[in-house]
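**Student:** predicted model and sequence below, questions to follow.
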Amino acid sequence: MDAPLLKERERATFNVTELIHLLNGSEEETKRRKELESWLYNNPVFRQDDRYQISREEVYERGLQKTRELVNLCRRKNIKFDSLDFARLNISTLEELPFFLHVIMFIPTIRGQGTEEQKRKWLPLAEDLKILGTYAQTELGHGTFLRGLETKATYDVSSREFIVNSPTITSMKWWPGGLGKTCNYAVIAAQLYTKGKCYGIHMFIVQLRSLEDHKPLPGVTIGDIGNKYGFHTVDNGFLRLDNVRIPYENMLMRYAKACDYIPPVNPKINYGTMTSIRVDLVKDASVILAAASTIAIRYSAVRHQTEIRPGEEPPVLDYITQQFKLFPQIATAIAFHFAGDYMHRIYDKVQSEIFDGHLSAITELHGISAGLKAFTTDTSIAGVEICRRACGGHGYSNASGFQRFYENWLGSATYEGENTVMYLQAARYLFKCYDNPKEAPETMSYLRYPQNKMEWNVKSADDVSNYATLITAFEQRALSKISSTAKKLKNLTHYGMNRNDAWNAASVDILHSIKAHCHYFIVKNYMQSLNHLKMSSPLRQVMTAVALLYANYGIDEHAGDFLESGFMNGKQINLVRAKILQLLKEIRVNAVAIVDSFDFDDRFLRSALGAYDGNVYNRLFKWAKLSPLNKTEVHSSYKYLRRILQSKL
Ligand SMILES: CCCCCCCC/C=C\CCCCCCCCCCCCCC(=O)SCCNC(=O)CCNC(=O)[C@H](O)C(C)(C)COP(=O)(O)OP(=O)(O)OC[C@H]1O[C@@H](n2cnc3c(N)ncnc32)[C@H](O)[C@@H]1OP(=O)(O)O
Ligand SMILES: Cc1cc2nc3c(=O)[nH]c(=O)nc-3n(C[C@H](O)[C@H](O)[C@H](O)COP(=O)(O)OP(=O)(O)OC[C@H]3O[C@@H](n4cnc5c(N)ncnc54)[C@H](O)[C@@H]3O)c2cc1C
């Protein structure tokens, strides 16, 4: 163990194991997670060391090799795809595997939208991996605007079949994960036409490749869309369907029927699978940010640079600016952890309501999941980049471990609903509740009795240590943004603009409003979660400091908003800033111990900068020696160099 990290750990004021169990849910959950991880990490198939030295084709092939190994493991250990154990294993593989859309979207869509008969037919095939499917919704011409999708499924009464067609270049399916080379089936989102009339988007199960030799079936043109920023293991694909016939029974009909069309009670029930992934992404954002801050904090405790006082080269973690960059990332990771827990609870509740036939709650679930998906992925993407830059030059090396997960995570701002679009969706629900406060759910309870308070009850640094006081600040900021935007919308429509144009004209303010609301929700949920959890008093002291930092940092970051509302004044902002400095000092002593409590295995982080032992420089040198350019003392391309050097061009 490198001395600097040992020293850091010795001065921690709380028990790391207690926080590990708290974040995992219990001691048993921690044990189980570690057991699952060890099965993967002790298996050489899941190696990552040459990840950046092999071609795209090899990366894809490795992805399938890992898939086979993972499936094998699940069979041996009797782990089901819809279990928490599988979700943990999936994360621990460190890479998205080519079949992951099958597990997270294809099977859930059949489960959620199939009739009992359809589930009996398709689920055993899909769960036993006799067929492999993906979720093919997005087209080359449209991803966001689902009503604009062009793929058609036309019912042919005489043969009792649907004829599925994507006649134009823009109607090609484009992006679905695993579609290019891996999957032989897909659920296809298509416009349903029956008896000459269009009834909008519905889901159809379509076979794409032969089950014998994996060749595309007649009428199917299919392939990989080419190299991308990340997700190199995944064959995101294109698909063109030319008069492909599928049986009537292949339309997923739990909520709607074709032929004599019966519509679903709520047409958005067809969008349920997307909502479930948006819910998951909130927790994923926490994991990503926790991993990034682990690397950056450990490295910053080992890295010494320049001087604060002459003759003493301190660890860069002693620089207040470094703390100001990194400690809010720790705080945010924990805030999103609790937000993720909340999202899973509300998702399970709404699912059981849907099961009992009550579909009204999906509107609230859509609103909150769309907003938090956007807020947490946006924030965590920015946070990872802050952590990377906080590692200076070495943060730019692949040895840092950042690139591998950052390149994939960047996509989260776009997939499963582009973030601006998701914010605007969440805002539709927010402004509806503002107009009809009685409809406002618990998460928007402040809209039920909107009270524009005159001034913030803060006179000293102690006042900004009070949870209720801080929550009120975020509530008032949100309320102020929402009410002024609502006024703007009203004015625009009053002076003759139609509602849609007014919405577009006010959309920048709308965006600020929904972000302020999401921020309020995260702060409140964080503090309430801490209040409900049992913990020792040393741990509570640390967790409180981190939560207070999250809230005070948020106020400082958006000081303009808080001042603009008139609720806060400049003196109070200065108290907030003073409090932040005090909290940074308080957290400094425990920073390494807190990231240790995120409990990432070195084999998961794969970072020369962030390994538990802090042996940064030896690991960096080992990494450099593995560079393919170092296989020989003189590289074979010297033939060109020699000619340049000898002026024999
Ligand atoms: C070193 C460290 C190492 C660390 C390593 C870490 C490793 C691992 C760690 C963590 C794990 C990370 C792993 C990441 C895993 C990633 C998995 C990701 C998988 C990616 C898969 C991506 C798949 C896809 O992208 S599928 C395609 C998704 N597409 C979309 O989302 C399309 C977006 N568009 C829409 O959803 C809609 O069309 C709309 C929302 C834009 C709506 O449009 P609209 O309003 O114009 O039209 P509508 O008529 O449709 O709407 C009317 C009405 O309905 C409401 N509505 C809309 N949607 C819904 C809904 N879902 N539910 C309920 N209601 C809905 C809408 O708001 C309208 O309401 P009104 O009341 O206002 O009328
Ligand atoms: C890695 C990755 C994996 C994916 N996997 C799948 C998959 O498995 N299956 C699948 O079906 N799809 C998949 N997709 C597609 C993805 O879901 C879409 O790209 C996403 O929904 C965004 O849609 P778009 O590309 O049409 O963006 P666009 O909507 O074209 O966005 C372009 C710009 O227009 C803006 N914009 C669009 N509409 C509005 C509006 N109403 N108001 C204001 N601004 C607006 C956006 O904010 C954005 O700035 C994947 C994408 C990626 C990157």
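**Tutor:** Yep, that arrived. Numbers count the residues shown, from 1 in each chain. Ligands and ions are numbered 1, 2, ... in the order given.
**Student:** residues in contact with stretch 612-628?
**Tutor:** 1-2, 4-5, 49-50, 53, 298-299, 301-303, 394, 397-399, 596, 602, 608-609, 611, 630 (C-beta atoms under 8 Å, 6 or more residues apart in numbering). Bear in mind the C-beta positions are built from the backbone N, C-alpha and C, glycine included.
**Student:** up against ligand 1, what does the stretch 51-200 of the chain have?
**Tutor:** Ile91, Leu94, Tyr135, Gln137, Thr138, Gly143, Thr144, Leu146, Arg147, Gly177 (C-beta under 6 Å from any ligand atom).
**Student:** residues contacting the second one?
**Tutor:** Taking C-beta under 8 Å, 6+ apart as the criterion, Leu94 is in contact with Phe46, Gln48, Arg404, Phe405, Phe604, Arg606.
**Student:** same thing with the first one?
**Tutor:** Contacts of Ile91 were listed using C-beta under 8 Å, 6+ apart, and they are Asp284, Val287.
**Student:** now do it against Ile288, distance only.
**Tutor:** Computed as C-beta to C-beta, to the nearest Å, the Ile91 to Ile288 distance reads 10 Å.
**Student:** tell me the phi and psi of the closest residue to Cys391 other than its chain neighbours?
**Tutor:** Spatially, and ignoring its direct neighbours in sequence, Cys391 is nearest to Tyr299 (5.2 Å; C-beta to C-beta, 6 or more residues apart in numbering). Main-chain dihedrals, Tyr299, degrees, to the nearest 10: phi -60, psi -40.
**Student:** give me the neighbour count for the closest residue to ligand 1 within the stretch 51-200 of the chain.
**Tutor:** Using C-beta to the nearest ligand atom, the closest approach of the stretch 51-200 of the chain to ligand 1 is made by Leu146 at 3.6 Å. Leu146 is flanked by 17 other residues according to other C-beta atoms under 10 Å.
**Student:** ok, residues contacting the host helix or strand of Tyr155?
**Tutor:** Tyr155 belongs to strand 152-156 when assigned by DSSP states H and E. Identification of contacts with strand 152-156 by C-beta under 8 Å, 6+ apart yields 161-167, 188, 190-195, 202, 204, 245-246, 248, 251, 258-259.
**Student:** pLDDT of it, averaged?
**Tutor:** Mean pLDDT, strand 152-156: 97.
**Student:** list the buried residues in that strand.
**Tutor:** By neighbour count on 16 or more other C-beta atoms under 10 Å, the buried set for strand 152-156 is Lys152, Ala153, Thr154, Tyr155.
**Student:** what about that strand, distance to the chain center?
**Tutor:** 35 Å (C-alpha atoms, centre = their mean, to the nearest Å).
**Student:** just the CA trace of that strand, in CSV.
**Tutor:** Extracted C-alpha coordinates of strand 152-156, given in CSV (Å, rounded to 0.1, in the frame of the first residue of the first chain):
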residue,chain,number,x,y,z
LYS,A,152,-46.0,0.5,-41.6
ALA,A,153,-47.7,-2.7,-40.5
THR,A,154,-50.8,-3.1,-42.7
TYR,A,155,-53.3,-5.8,-41.7
ASP,A,156,-54.3,-8.1,-44.6
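**Student:** need the residues of the stretch 51-200 of the chain next to ligand 1 in JSON lines with secondary structure, pLDDT and distance to Arg120, can you?
**Tutor:** Listed next are these as JSON lines, based on DSSP: H, G, I helix; E, B strand; the rest coil; pLDDT from 0 to 100; distance: C-beta to C-beta, whole Å:
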{"residue": "Ile91", "secondary structure": "helix", "pLDDT": "82", "distance to Arg120": "31"}
{"residue": "Leu94", "secondary structure": "coil", "pLDDT": "71", "distance to Arg120": "36"}
{"residue": "Tyr135", "secondary structure": "strand", "pLDDT": "98", "distance to Arg120": "21"}
{"residue": "Gln137", "secondary structure": "coil", "pLDDT": "98", "distance to Arg120": "25"}
{"residue": "Thr138", "secondary structure": "coil", "pLDDT": "98", "distance to Arg120": "30"}
{"residue": "Gly143", "secondary structure": "coil", "pLDDT": "97", "distance to Arg120": "33"}
{"residue": "Thr144", "secondary structure": "coil", "pLDDT": "97", "distance to Arg120": "35"}
{"residue": "Leu146", "secondary structure": "helix", "pLDDT": "96", "distance to Arg120": "29"}
{"residue": "Arg147", "secondary structure": "helix", "pLDDT": "95", "distance to Arg120": "32"}
{"residue": "Gly177", "secondary structure": "coil", "pLDDT": "98", "distance to Arg120": "27"}
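**Student:** the buried residues of strand 152-156 into JSON lines, with extra columns for distance to Glu35?
**Tutor:** Output for those, formatted as JSON lines (distance: C-beta to C-beta, whole Å):
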{"residue": "Lys152", "distance to Glu35": "49"}
{"residue": "Ala153", "distance to Glu35": "45"}
{"residue": "Thr154", "distance to Glu35": "51"}
{"residue": "Tyr155", "distance to Glu35": "51"}
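**Student:** now the stretch 101-250 of the chain against ligand 2: closest residue?
**Tutor:** Closest point on the stretch 101-250 of the chain to ligand 2, by C-beta to the nearest ligand atom, is Gly143, at 2.5 Å.
**Student:** identify the residues contacting that residue.
**Tutor:** Gly143 is in contact with Gln137, Trp175, Glu418, counting by C-beta under 8 Å, 6+ apart.
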